[in-house]
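Peer 1: sequence unavailable; structure follows:
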Ligand code: MTE
Ligand code: MO
């Protein structure tokens, strides 16, 4: 793993490791934390469900596991800061980890559907424009003021069957670093909404007022001073946008002349599919279709691969993904740059040396 920070712990796998399998092994799954990883006694842990519900609940882990049907969802998680490093050539982003393309991973999650737990509490009103707020106990000193982590998703997303309260990951008990005993998995939303170590779910009329929803994870205007940003500034992130990355060859790598294997991943926004990925070795003058691997579920990335015949010399590889609405990724990171460095979905490029 490439460790960006020890405390709070922030690390991503190398591109080679990420490219090895469609399902990411737990020991290669990125880790994104804003505070110390909490120690939770699973026997004492309780999940409170309250707010605009008919019957507030307080569930133990045994209650959650026994009172609700267990469901599996194969889903990709991706941090809003994934590929931030690609923004740094445009302008510096002080105070944020320079994530490469590895703040993303795909796992088999299992647990209760959030919608089932909300139904057990009885929604007072499921027609209105409501929000489901998630609270966790890990306190972040990076927030202003320092506070426990939290965020929310719209009730319309919370009612979808893909959103889980998960206690299993890749067939094992959810590891502590990934949110044990229970975390939210909100597929196709930025990772920040998949709250780990969740201890409270509240149905309310407004989005979370937590720092990590009201102030952070928002796209500020390029000219804004992030240190002056306050609650409500910028565009709040929820569903992610079409994105892709080249995993091999890696930047500054050397490869022998001839057929060079180019591989990577692509993710589509929710309810869309990646239908085409192209690679160019001549700055977009000509493009080669990559082969798309099988997608394990509608909530995951697709891995893709192709071979390019390359002559010796320095070559820049560039890729772009298209979805089933005919949308493709924006070309330039410069057109997407923002002061906190979220949502770099520009065409990925890798510069390599092709040997004689
Ligand atoms: N939940 C809590 N309680 N605290 C956190 O710091 N980080 C969020 C989210 N859930 C976070 C959290 C962010 S920004 C991301 S991208 C994902 O968890 C990362 O999940 P992972 O560490 O399991 O990969
Ligand atoms: Mo994140």
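Peer 2: Yep, it's here. Note that this is a predicted model, so its numbers are computed, not measured. Ligands and ions are numbered 1, 2, ... in the order given.
Peer 1: now the helices for the stretch 101-250 of the chain?
Peer 2: In the stretch 101-250 of the chain, the helices defined using DSSP state H, counting those that start in this stretch lie at 114-121, 155-158, 211-214.
Peer 1: would TSV of the ones you listed with mean pLDDT, mean neighbour count and distance to residue 348 be doable?
Peer 2: C-beta: built from backbone N, CA, C; applies to glycine. Converted to TSV, these look like this (pLDDT from 0 to 100; neighbours: other C-beta atoms under 10 Å; distance: least, C-beta to C-beta, whole Å):
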stretch	mean pLDDT	mean neighbour count	distance to residue 348
helix 114-121	98	19	33
helix 155-158	97	20	28
helix 211-214	97	22	27
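Peer 1: quick one: closest of those helices to residue 56.
Peer 2: Between residue 56 and the helices of the stretch 101-250 of the chain, the shortest gap by C-beta to C-beta is with helix 114-121, which sits at 6.6 Å.
Peer 1: starting at the chain centroid, how far to that closest one?
Peer 2: Put simply, helix 114-121 sits 24 Å off its chain's centre (C-alpha atoms, centre = their mean, to the nearest Å).
Peer 1: show me what contacts whatever residue of the chain ends up closest to ligand 2?
Peer 2: The minimum distance from the chain to ligand 2, using C-beta to the ion, falls at residue 79 (3.2 Å). By C-beta atoms under 8 Å, 6 or more residues apart in numbering, the residues touching residue 79 are 30, 32, 99, 103-104, 190-192.
Peer 1: now residue 169. Nearest residue, chain neighbours left out?
Peer 2: Nearest residue to residue 169, sequence neighbours excluded (C-beta to C-beta, 6 or more residues apart in numbering): residue 107, at 5.1 Å.
Peer 1: hmm, which helix or strand of the protein has the shakiest average pLDDT?
Peer 2: strand 254-256 (a mean of 92; mean pLDDT, DSSP states H and E).
Peer 1: what helices or strands is the very next helix or strand once past that one leaning on?
Peer 2: As assigned by DSSP states H and E, the chain's next helix or strand after strand 254-256 is strand 258-267. In terms of contacts (3 or more C-beta pairs under 8 Å, 6 or more residues apart in numbering; DSSP states H and E), strand 258-267 is packed against helix 15-19, strand 243-248, strand 274-280, strand 302-310, strand 313-323.
Peer 1: got these as JSON lines, with mean pLDDT and distance to residue 42 columns?
Peer 2: Shown next, in JSON lines, are the helices and strands packed on strand 258-267 (pLDDT from 0 to 100; distance: least, C-beta to C-beta, whole Å):
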{"stretch": "helix 15-19", "mean pLDDT": "96", "distance to residue 42": "30"}
{"stretch": "strand 243-248", "mean pLDDT": "98", "distance to residue 42": "35"}
{"stretch": "strand 274-280", "mean pLDDT": "98", "distance to residue 42": "38"}
{"stretch": "strand 302-310", "mean pLDDT": "96", "distance to residue 42": "35"}
{"stretch": "strand 313-323", "mean pLDDT": "97", "distance to residue 42": "40"}
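Peer 1: pretty sure residue 89 is touching residue 344, no?
Peer 2: No. In this structure, residue 89 is not within contact of residue 344 by C-beta atoms under 8 Å, at 11.0 Å.
Peer 1: now distance to ligand 2 too, for the helices of the stretch 101-250 of the chain, in TSV please.
Peer 2: Putting the helices of the stretch 101-250 of the chain into TSV (distance: least, C-beta to the ion, whole Å) gives the following:
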stretch	distance to ligand 2
helix 114-121	19
helix 155-158	17
helix 211-214	9
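Peer 1: out of these, which is closest to residue 12?
Peer 2: Among the helices of the stretch 101-250 of the chain, helix 211-214 comes nearest to residue 12, with 19.3 Å by C-beta to C-beta.
Peer 1: near ligand 1, which residues of the stretch 151-300 of the chain?
Peer 2: By the rule C-beta under 6 Å from any ligand atom, the part of the stretch 151-300 of the chain lying against ligand 1 is 178, 191-192, 194-197.
Peer 1: most surrounded residue in these?
Peer 2: Most neighbours among those, by other C-beta atoms under 10 Å: residue 195, with 30 neighbours.
Peer 1: how about the residue of the chain closest to ligand 2: what's its closest non-neighbour residue?
Peer 2: Residue nearest to residue 79 in three dimensions, not counting chain neighbours: residue 103, with 3.8 Å by C-beta to C-beta, 6+ apart.
Peer 1: list the contacts for residue 332?
Peer 2: Counting by C-beta under 8 Å, 6+ apart, residue 332 has contacts 346-347.
Peer 1: ligand 2 contacts on the chain?
Peer 2: Contact residues, the chain versus ligand 2 (C-beta under 5 Å from the ion): 32, 79, 191-192.
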